[in-house]
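J.: requesting a structural model of the entry that follows:
(one chain, ligands or ions: 2)
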Amino acid sequence: MNWLVTGGAGFIGSNFVFRLLARHPEDRVVVLDALTYAGSLETLASALQDPRFRFVKGDIADRDTVEALFAGEDFDAVVNFAAESHVDRSISDPGLFLRTNVIGTQVLMDACRAAGTKRFHQVSTDEVYGDLPLDRPDLLFTEETPLHASSPYSASKASADLLVLAYHRTYGFPATITRCSNNYGPWHFPEKMIPLMIVRALADRPLPVYGRGENVRDWLYVEDHCAAIELVARKGRPGEVYNVGGHNERTNLQVVKTVLQELGKPESLISFVKDRPGHDMRYAIDPAKISAELGWTPETAFDDGIRRTVRWYLEHRTWWERILSGEYAKYDAKMYGGRG
Ligand code: NAD
Ligand code: TDX
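T.: Ligands and ions are numbered 1, 2, ... in the order given. A predicted model of the protein is given here:
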C-alpha cells in the first residue's frame, strides 16, 4: 500500500509511520507535515534512512501544496494526524486551530475525492464528546454520545468530524474516524502533561498541577492507538466512527505521583496552580465497538507503559533538551512563569 500520513513528524503520527515501516515491508509511506513547533525531522531520522519513505514539508490547509502532492502520487490511503493539538494553546489562539484542524481536513478530503483515493482516515479525539461527571463512574463515551466540545481545540476537532461524516453521506466519500482517549509514550511533545512532568521532575522544577489535580483522563499507550488506527484504516466500515480506549482512568494527581515514583523524586515538587479555563472533568471511553467488530484490544498496561515512557525520556535527553532550549522556552516562560 502507498500511505499518505499527514502530521507524521509529530507524536502519534511518527509512531504510526514507524509501525507501518517495521511491519509491512511491501508498504510505502509519504509524510506531509508543516513542521510547526510540534513537528521535527529529528523524530523521523530513522525513517528518513528508509527508501520506502518520503518526507514532504507542507501545510494541509494549503490547497496548491496538497494538489501538487496528489498530482505526483497515487495514494491507497490517507491518514490525517496533522493538527494543532494542545488545548492550552487553543485557548490563546483559536484561529490557527480552525485553519489547520477544519480547513486542512476539508482540503485533504477534496484532494482525495479528486484522486479517487479509496480510504481517508481521520484521527479524532474523545474530547469532541465534552466531559463526564466525576460522581458517575458508570458513564462512558460511546459513538452515540452527542458532541459537546468544551475548548476551541475540541470544537475544531468536532467540526472536522462533522465535515468528514457529511462528505461520506453527501458524496459517498470512503472515510472512517477514530476517537481516542489520551495517549502517552515516546516522542510526546513536552508541553503535554506526562512528558512535561517527566522533564520538569528531572530538573527538580515544580510540577504545575491544574486546580486540585482531580480531573480524570483515560490513558492509552501510543502503540495501542496506532494499532487501532491501522486496523480501522484497513478494515473499518466507511462512514463509521470507532472509539479507542483501554479502560484506564486516573486522576492527574495519581499520574503525577506515579511519574515521581518512577523517577525517585519527592512529591514536594507538586505545585497546585490556577486551573485551565473550561477544564474538562473526566474522559472515559467505551471501546466495545472496535473490540467486537475488529477485534482490537490494548496490549500495554499503564504501569508497564509509564515505565517504558520514563525510560525513553531518560534515554532521549538530546531530543527534548533541544526542544526545551528552543522556541518552546518562550511558551514555557509565558505559560508557567507565574504558575510554578
Ligand atoms: P502533535 O502536536 O504532536 O503533532 C501534530 C503534527 O502535525 C506535527 O508534526 C505538526 O508539525 C503537524 N502539523 C500541524 N499543523 C499542520 C499543518 N497545517 N499542515 C501539516 N502539518 C501540520 O499531535 P499528536 O498528539 O501527535 O496528535 C495527532 C492527532 O491525534 C491530532 O489530530 C490529535 O487531535 C489526535 N489525538 C491526539 C491525542 C493525544 O493524546 N495526543 C489523543 C487523541 C487524538
Ligand atoms: O501543566 C499541566 N498541568 C496539568 O494539570 C498540563 C499541560 C496539563 N494538566 C492537566 C490538564 C488535563 O486535565 O493534565 C491533563 C492532561 O492535559 P494535556 O496533556 O494538555 O491533555 P488534554 O488536555 O487531556 O488533551 C490531550 O488528550 C486528547 C491531547 O493533548 C489532545 O490532543 C487529545 O485530543
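
J.: which single residue of the stretch 201-340 of the chain ends up nearest ligand 1?
T.: Ligand 1 sits closest to residue 225 of the stretch 201-340 of the chain, with a gap of 7.1 Å, by C-beta to the nearest ligand atom. Backbone N, C-alpha and C define where each C-beta goes, glycine included.

J.: hang on, isn't residue 164 packed against residue 105?
T.: Yes - between residue 164 and residue 105 there is a contact under C-beta atoms under 8 Å: 6.7 Å.

J.: and for those two, which residues touch both?
T.: residue 122 (C-beta atoms under 8 Å, 6 or more residues apart in numbering).

J.: these two: which has the busier surroundings?
T.: Per other C-beta atoms under 10 Å, whichever of residue 164 and residue 105 has more neighbours is residue 105, with 28 against 25.

J.: SS state for residue 156?
T.: Here residue 156 is helix, with the state taken from DSSP: H, G, I helix; E, B strand; the rest coil.

J.: which non-adjacent residue is nearest it?
T.: Of all residues not flanking residue 156 in the chain, residue 101 sits nearest, at 3.8 Å (C-beta to C-beta, 6 or more residues apart in numbering).

J.: and the one you found, how many neighbours does it have?
T.: Number of residues near residue 101 (other C-beta under 10 Å) recorded here: 27.

J.: just checking, it is part of a strand?
T.: No - in this structure, residue 101 is helix, not part of a strand, as judged by three-state DSSP.

J.: and it, what is it in contact with?
T.: Contacts for residue 101 (C-beta under 8 Å, 6+ apart) come out as 83, 84, 153, 156, 157, 159, 160.

J.: I'd say the fourth one and residue 102 touch.
T.: Okay, so that is residue 156. Yes - here residue 156 reaches residue 102: they are 5.5 Å apart, a contact under C-beta under 8 Å.

J.: the two: who's more crowded?
T.: Ranked by neighbour count (other C-beta under 10 Å), residue 156 and residue 102 place residue 156 first, with 27 against 21.

J.: roughly how far does the more buried one sit from residue 236?
T.: 23 Å (C-beta to C-beta, to the nearest Å).

J.: got the phi/psi numbers for residue 2?
T.: Backbone torsions of residue 2, given as degrees, to the nearest 10, read phi -110, psi 110.

J.: ok, it - contacts?
T.: Applying C-beta under 8 Å, 6+ apart, we find residue 2 in contact with 27, 28, 30, 73, 74, 75, 76, 77.

J.: count the residues that sit near the residue in the chain positioned nearest to ligand 1.
T.: Nearest residue of the chain to ligand 1, counting by C-beta to the nearest ligand atom: residue 10, 2.0 Å away. Using other C-beta under 10 Å, residue 10 has 25 neighbouring residues.

J.: show the pLDDT at the residue lying farthest from the centre of the chain.
T.: Distance from the C-alpha centroid of the chain, by C-alpha atoms, centre = their mean, peaks at residue 268 (30.3 Å). pLDDT, residue 268: 98.

J.: mind checking the SS state of it?
T.: Per three-state DSSP, the secondary structure class of residue 268 is helix.

J.: and the residue of the stretch 201-340 of the chain closest to ligand 1, that's in a helix?
T.: Yes - under three-state DSSP, residue 225 sits within a helix.

J.: picking that back up, the residue nearest to residue 156 and ligand 2, how far apart?
T.: 10 Å (C-beta to the nearest ligand atom, to the nearest Å).

J.: which parts of the stretch 151-300 of the chain sit against ligand 1?
T.: Contacts of the stretch 151-300 of the chain with ligand 1, taken as C-beta under 6 Å from any ligand atom, map to 157, 180, 182, 183, 189.

J.: and the residue nearest to residue 246 when sequence neighbours are not counted, which of the three is it?
T.: Once flanking residues are discounted, residue 246 sits nearest to residue 298: 3.7 Å by C-beta to C-beta, 6+ apart. Secondary structure state of residue 298, per three-state DSSP, is coil.

J.: the stretch 201-340 of the chain: helices as residue ranges?
T.: Secondary structure of the stretch 201-340 of the chain by DSSP state H, counting those that start in this stretch: the helices cover 222-235, 252-263, 288-294, 302-315, 317-325, 328-336.

J.: how near is residue 206 to ligand 2?
T.: 10 Å.

J.: could you tell me whether residue 56 really is in a strand?
T.: Yes - under three-state DSSP, residue 56 sits within a strand.

J.: give me the pLDDT value at the spatially closest residue to residue 132 that is not a sequence neighbour.
T.: Leaving aside its chain neighbours, residue 132 sits nearest to residue 282 (4.5 Å; criterion: C-beta to C-beta, 6+ apart). pLDDT, residue 282: 98.
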